[in-house]
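J.: sequence first, predicted coordinates after that:
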Amino acid sequence: MATEAKAHELVVSVSPHVRGKETVARIMWTVNLSLFPAFLMSVYYFGPRAAFVTGLCILSAVLSEHFYQTSLKKKSSIGDGSAFLTGLLLGLNLPASVPFYIPIVGSLIAIVITKLLFGGLGYNVFNPALIGRAFLLISFPKLMTIWTEPTAQFVAMDAKTTATPLGILKEEGMAKLIEIFGDKADLYTSLLMGNRAGSLGETSVIALLIGAALLLYRGYITWHIPVSFIATVGVMAWAFGGNSGLFSGDPIIHLLSGGLILGAFFMATDYVTCPSIRKGQIIFGIGCGAITMMIRLKGGFPEGVMFAVLLMNCFAPLIDRGVKSKMFGAVKVKKEQKK
Amino acid sequence: MSLKPKSNIELIKNGMFGENTIFRMAISLCPSIAVTNGMKNGVALGISVVFVQTMVNMTISLMRKFIHPKIRIPIFMLVIAGYVTIIDLLMATYARPIYKEIGLYIQIIVAFASIFARAEVFASKNKVFSSMCDGFGMGLGFLLAMIVISFFRELLGKGALFGIPIVSGSPLLIMILPAGGFLAVGLLMGFFNWIDMRFFGGKGASGV
């Protein structure tokens, strides 16, 4: 008997023998958790409507993934939280006043066309939530740019509509923006706290940074993409954003407004659609930042983070190929010949 | 082309379904995206292609014994250009509003891969009447594809068909933009592949 028991204990398996606790599901649910502060702030500023829009996005994203996979007799993968995350990110990227069908259409496009038709999680070329939003913005340009003024009173009053800070900056200039918010310090505080018009989740920089800190602490994202992204935006805003020649712009407004923080920490760092080599990630971030600022300063749209990240998504495989590190022991042939 | 000569009906069918220009062969995709933002334009271009394709196949087939193989390409080109000029001038005279929108694409029919391919592959080797049937079928297949694509694009993108509003509400503006063209063509191509694999036991576009 004893020998038999010992025989059972001998398990032959291939490496790896020791596995970490990290799984796709664990990472995805942590990212969901890290977006929770931003979600709370959006409900605080925009009322129950914010929770309704975000909830509808999540629900339709999860349901569309489930039904697509079960109708193809595949195993439903909604438990890993990636569909939940796509829905949540899409919801946080919509204005509060959208009619109910917009979240549903956006989630369908994001999940079915962008993710599942390309082969599911891990095979998508573009960030699903951003494609969903791009589709909606191009399809319903009017509905998608009605921004509600934040009230900070939970009971929804008659919602006033207004322009986003970047919209005002583009249309009427810096002086008007400062006039609306009081003085410069007030403007910065409002932008930092999220007391401004904009997409649901992008407004509160503080809440987003708390979530990002959690992700950085757990090591789920590295600093490379966000820092290079944000730094490029800052430098370009400083250099080209002003009216009186070079280096007269105000970088802080560009850093705090729009979807930059949300995009830099939560969208651009999507594992599937960003380069996986550190050096490539920095190039990726710089590219995102440069395209963002080009659109903000010269393009037709007031905000360019979404298009910047999507454009750089196309280049991610190319960047990865370009910065591939040298193989161990490999020698450059040209130098050898010169000798 | 094939070892067993096909009957004329089969040739037309083949052009419409089995070797459909856009959904199965994936050639001439440029007009399928550029012109299909409205049913009117799509159908107009489709009909012009039916005419040009049939007439080109007939003419090439008539001349097939006199064309020296070494200069066949310029000769095909001249024949196609002749018929395209006919339809171009006809449209410019009798269908002015549509011509203003898609005139450029009418002239580009000269460079359509599908017309050229049928002249080379089929018409220069087969008898006159079967060449005509082949050209007619191919043209019909193109027309069919244009109708299907522009039907969905105009319905979703403008809520209208032939310029007549049908559905009220906010349409998906992206569908009449070029991006929507790519989406529509890709999804429909996938859909027809699925039908072929599911109901006709085919292998999809890759296995024709």
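T.: Right, received. Where do you want to start? Residues are numbered from 1 along each chain as shown, chains lettered A, B, ... in the order given.

J.: residue of the stretch 201-339 of chain A with the smallest distance to chain B?
T.: A:L310 (11.6 Å; CB to the nearest CB). In this view, the C-beta of every residue, glycine as well, is placed from N, C-alpha and C.

J.: so which strand or helix has that residue?
T.: According to DSSP states H and E, A:L310 maps onto helix A:305-322.

J.: ok, now which ones touch A:L59?
T.: A:G87 (CB atoms under 8 Å, 6 or more residues apart in numbering or on different chains).

J.: tell me which element it is part of?
T.: Going by DSSP H and E, A:L59 is in helix A:48-71.

J.: residues in contact with A:I180?
T.: A:I180 neighbours (CB under 8 Å, 6+ apart): A:I168.

J.: so what pLDDT did it get?
T.: On pLDDT, A:I180 comes in at 77.

J.: that one: what secondary structure?
T.: Under DSSP: H, G, I helix; E, B strand; the rest coil, A:I180 falls in the helix class.

J.: how close does it sit to A:Y44?
T.: In this view, A:I180 and A:Y44 are 21 Å apart by CB to CB, to the nearest Å.

J.: where does the stretch 101-250 of chain A have low pLDDT?
T.: A:152-159 (pLDDT under 70).

J.: what mean pLDDT does the helix holding A:L310 have?
T.: 92.

J.: buried residues in that helix, which are they?
T.: A:305-313, A:315-316, A:319-320 (16 or more other CB atoms under 10 Å in any protein chain shown).

J.: same for the strand or helix carrying B:T93, what does it pack against?
T.: Counting by DSSP H and E, the element that carries B:T93 is helix B:72-94. In this structure, helix B:72-94 packs against helix B:39-63, helix B:96-108, helix B:113-118, with contacts taken as 3 or more CB pairs under 8 Å, 6 or more residues apart in numbering or on different chains; DSSP states H and E.

J.: follow-up on the earlier one: chain center to the helix holding A:L59, what's the gap?
T.: Mean-position distance between helix A:48-71 and its chain equals 18 Å (CA atoms, centre = their mean, to the nearest Å).

J.: which stretches of chain B have low pLDDT?
T.: Residue ranges of chain B with pLDDT under 70: B:1-5, B:202-208.

J.: chain A contacts on that one?
T.: On the criterion CB under 8 Å from any CB of the partner chain, chain A has as its neighbours in chain B the residues B:170-175, B:177, B:179, B:183, B:187, B:190.

J.: go again using 6 Å as the cut-off
T.: Selection of chain B residues close to chain A by CB under 6 Å from any CB of the partner chain yields B:170, B:172-174.

J.: all helices of the stretch 101-250 of chain A, in order?
T.: Ranges of helices within the stretch 101-250 of chain A are A:101-108, A:128-139, A:165-171, A:174-181, A:184-193, A:205-218, A:224-240, based on DSSP state H, counting those that start in this stretch.

J.: biggest helix in chain B by residues?
T.: In chain B, taking DSSP state H as the definition, the longest helix is helix B:128-158.

J.: by contact count, what packs against it?
T.: Counting contacts by 3 or more CB pairs under 6 Å, 6 or more residues apart in numbering or on different chains; DSSP states H and E, helix B:128-158 is packed against helix B:8-13, helix B:39-63, helix B:178-199.

J.: so which of these is the most surrounded?
T.: When those are scored by mean count of other CB atoms under 10 Å in any protein chain shown, the highest mean neighbour count falls to helix B:39-63 (a mean of 22).

J.: name the residue closest to the centre of the chain, please.
T.: Chain wasn't specified; assuming chain A. The centre of chain A sits closest to A:M267, judged by CA atoms, centre = their mean, with a distance of 2.1 Å.

J.: not quite, I wanted chain B
T.: Closest-to-mean residue, chain B, CA atoms, centre = their mean: B:F142 / 2.7 Å.

J.: my read is that that one contacts B:S48, right?
T.: No: look at B:F142 against B:S48 with CB atoms under 6 Å: they stay out of range, at 9.9 Å.

J.: any idea how many residues pack against A:S107?
T.: Residues near A:S107, counting by other CB atoms under 10 Å in any protein chain shown, number 29.

J.: repeat that for the one 3 residues further on.
T.: If you count neighbours by other CB under 10 Å, A:A110 ends up with 33.

J.: repeat for B:Y94
T.: B:Y94 - counted by other CB under 10 Å - has 9 other residues nearby.
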